[in-house]
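J.: Here is a sequence together with a model predicted from it:
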Amino acid sequence: QVQLVESGGGLVQAGGSLRLSCAASGRTFSSYTMGWFRQAPGKEREFVAADRWSGGSTNYADSVKGRFTIARDNAKNTVSLQMNSLKPEDTAVYYCAAGRGFSVVAAAGYDYWGQGTQVTVSS
């Protein structure tokens, strides 16, 4: 069982930055792929970024490449999402997720989810 708690959301102007953090419980954190997803009002939950448990490779949605950076600290059981050059279309509830599924971009590949943190980018 893994419990995830996100923090760091808030209101920021377009072009600004925010750093989201996700704290995970459990002693097997390093064996999980960690991902970030987001869901805007009226839209489906979408993949943002992931850090694979094996090999440490990362994946990003095209919409955030070059602006967002995912990083994990296995010693602290945390994963962060640094978001720069934020745009109004980045406004959403952001969710941290942990899983061992084959696909890192599909929500179905994750077994555990946080409660979400709101990110609002004003124009």
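T.: That came through, no problem.
J.: Give me the contacts around stretch 68-82.
T.: Stretch 68-82 is contacted from outside by 8, 17, 19-26, 29-30, 34, 36, 48-51, 58, 60, 83-84, 94, 96, using CB atoms under 8 Å, 6 or more residues apart in numbering. All C-beta atoms are positioned from the backbone trio N, CA, C, and that covers glycine.
J.: Buried residues in it, which are they?
T.: Buried residues in stretch 68-82, counted by 16 or more other CB atoms under 10 Å: 68, 70, 72, 77-82.
J.: Stretch 38-48 too?
T.: 38, 45, 47-48.
J.: Now, those residues that are in helices?
T.: Counting by DSSP state H, no part of these is found in helices.
J.: Mind picking the two most distant members of those residues?
T.: Maximum pairwise distance among these (CB to CB): 9.8 Å, between 45 and 48.
J.: What's opposite the one residue sitting closest to the centre of the chain in the beta bridge?
T.: Per CA atoms, centre = their mean, the C-alpha nearest to the average position across the chain is that of residue 36, at 2.1 Å. Listed beta-bridge partners, residue 36: residue 49, residue 96 (assigned using DSSP bridges).
J.: Distance of it relative to residue 123?
T.: Computed as CB to CB, to the nearest Å, the residue 36 to residue 123 distance reads 23 Å.
J.: cool, residue 87 as well?
T.: Residue 87 is 9 Å from residue 123, by CB to CB.
J.: higher neighbour count, those two?
T.: For residue 87 and residue 123, the more surrounded residue by other CB atoms under 10 Å is residue 87, and the numbers stand at 14 against 9.
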